[in-house]
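1. Provided below for reference: sequence and predicted model.
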Amino acid sequence: MNGQSEVITSAPGKMIILGEHSVVYGKPAMALAINRRFYCKVSLADGIYLNGRKVPAFIHPHIRSVIESNDAPGIDLNAGTEIPTSSGLGSSAALSASMSLAVRKLMNRSTDLGDIAKDAFKAEWDAQGRASPIDTSTCTRGGGVALNCPVGIGKHLWTISKNDKSWDVSEFEVPKMTFVVGHTGIKAPTGPLVEKVRKFKEHNGFAADIIDEMGIIALQGMNAIRRNDKEDLGEIMTRNHKLLSILGVSCNELNKLVNASLPYSYGAKLTGSGGGGSMIALTDRPKEVCEAIRLRGGNPIVVRTGEEGVRIEHDISGKELDFQ
Ligand code: PMV
């Protein structure tokens, strides 16, 4: 079952800080890698083995896609994660990026980050018909990643295309910042929320104005990050949340957690597709924000920015991961 050699890789989770949903319509968006990682221990095999058990290929489209992209026979994958799943923190994007690096290494293929980002995007697309490559590019590159940002603001990394769409992906210098992520405990798949916005936009001209405004403030937010101006960035995040609420992708639980965090934060907003999932608060008072979130029934975790992207791991013996 086991191939000759084994590779251990990891990739960070991500949070979208500005521009979710509007990015689907070509507006700028930005995501930051967080210090929670997904780990993959991989060897080549004659089928798909996941944490010691043989599984049919159709059960795991991300794994199948990465194998197919790299003409691998199959893999024996032990996966362990620090990223809460189904929380909007990029767990499947991090899985795809770290698996791509491992499989590429084992198959003696290019380990260029652009190639990994493309494999990971294809895996997400194959699995869920995703709308943009923001998650997968951020989990691959680490740090800060922007989509559709004008020349001169970020530094061009790669272009990702699918069907008639093309996204320009840039990297960004990101100062060290602390965020609290508050998970509502509600699972809300991305597809139906993207569809909800599409319908709203189709039937209501007002939705297009909101999306335009979201694009403008995302750019202002990027400039605030460049100036390391947390007050301005926080204020823009909170405005972005209000616009997302008007678009219909927030929910009571998210609004409760956002409002509870604001007295101790620079700003707060839902992150990712919304409808449940998680919110984020930019803060220097993580303890107070965590307590406020816990009191409203949310599940808080403190995360920090400036995390490295996908990488080979040499020693993960100190990690408490549920490898078998
Ligand atoms: O559900 P998440 O956290 O992976 O983010 C979805 C973000 C959207 O803009 C709604 C869709 C996309 O792929 O950009």
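-> Happy to help now that I have it. Quick caveat: nothing in here was measured; it's all calculated off a predicted structure. Numbering: from 1, shown residues only.

2. Pull the contacting residues for residue 294.
-> Contacts for residue 294 (C-beta atoms under 8 Å, 6 or more residues apart in numbering) come out as residue 300. Quick note: C-beta positions are derived from backbone N, CA and C, even for glycine.

3. going forward, begin numbering at 55 instead of 1
-> Okay, using 55 as the starting number, the last item reads as residue 348.

4. Validate this expectation: it resides in a helix.
-> Yes: counting by DSSP: H, G, I helix; E, B strand; the rest coil, residue 348 is found in a helix.

5. Pop out the phi and psi values for whichever residue of the chain sits closest to the ligand.
-> Per C-beta to the nearest ligand atom, residue 326 is where the chain lies closest to the ligand, at 2.3 Å. With angles defined as degrees, to the nearest 10, residue 326 sits at phi 90, psi -150.

6. Correct me if wrong: it contacts residue 308.
-> No: assessed by C-beta atoms under 8 Å, residue 326 is found out of contact with residue 308, at 10.4 Å.

7. related to what we said a few turns ago, where does the residue nearest to the residue of the chain closest to the ligand when sequence neighbours are not counted sit: helix, strand or coil?
-> Once flanking residues are discounted, residue 326 sits nearest to residue 142: 3.1 Å by C-beta to C-beta, 6 or more residues apart in numbering. When classified by three-state DSSP, residue 142 comes out as coil.

8. Can you list phi and psi of residue 93 for me?
-> Main-chain torsions, residue 93, degrees, to the nearest 10: phi -110, psi 140.

9. Number of residues surrounding it?
-> Taking other C-beta atoms under 10 Å as the criterion, the count of residues near residue 93 is 21.

10. And for residue 68?
-> Residue 68, neighbours per other C-beta under 10 Å, totals 32.

11. next one: phi and psi at it?
-> Main-chain torsions, residue 68, degrees, to the nearest 10: phi -140, psi 160.

12. which ones are touching it?
-> Taking C-beta under 8 Å, 6+ apart as the criterion, residue 68 is in contact with 85-88, 143-144, 147-148, 188-189, 192-193, 199.

13. quick revisit: what's the residue of the chain closest to the ligand in contact with, if anything?
-> 69-70, 74, 142-143, 244, 332.

14. again, only this time at 10 Å
-> Residue 326 is in contact with 68-70, 74-75, 85, 141-144, 188-189, 242, 244, 247, 303, 332-334, counting by C-beta atoms under 10 Å, 6 or more residues apart in numbering.

15. now residue 365: how far from residue 189?
-> The gap separating residue 365 from residue 189 is 18 Å, by C-beta to C-beta, to the nearest Å.

16. Looking at these two now, which is surrounded by more residues?
-> Neighbours were counted for residue 365 and for residue 189 using other C-beta under 10 Å; residue 189 has more, 29 against 16.

17. how long is stretch 361-373 end to end?
-> Using C-alpha to C-alpha, to the nearest Å, one end of stretch 361-373 lies 17 Å from the other.

18. typo on my end, it should be stretch 339-359
-> One end of stretch 339-359 sits 15 Å from the other (C-alpha to C-alpha).

19. Can you mark which positions in it are buried?
-> 339-340, 342-344, 346-347, 352-355, 357, 359 (16 or more other C-beta atoms under 10 Å).

20. Repeat that for stretch 269-279.
-> Going by neighbour count (16+ other C-beta under 10 Å), the buried part of stretch 269-279 is 269, 271-273, 275-276, 278-279.

21. For those residues, which two are the farthest from each other?
-> Across the buried residues of stretch 269-279, the longest distance by C-beta to C-beta is 16.1 Å; it joins 269 and 279.
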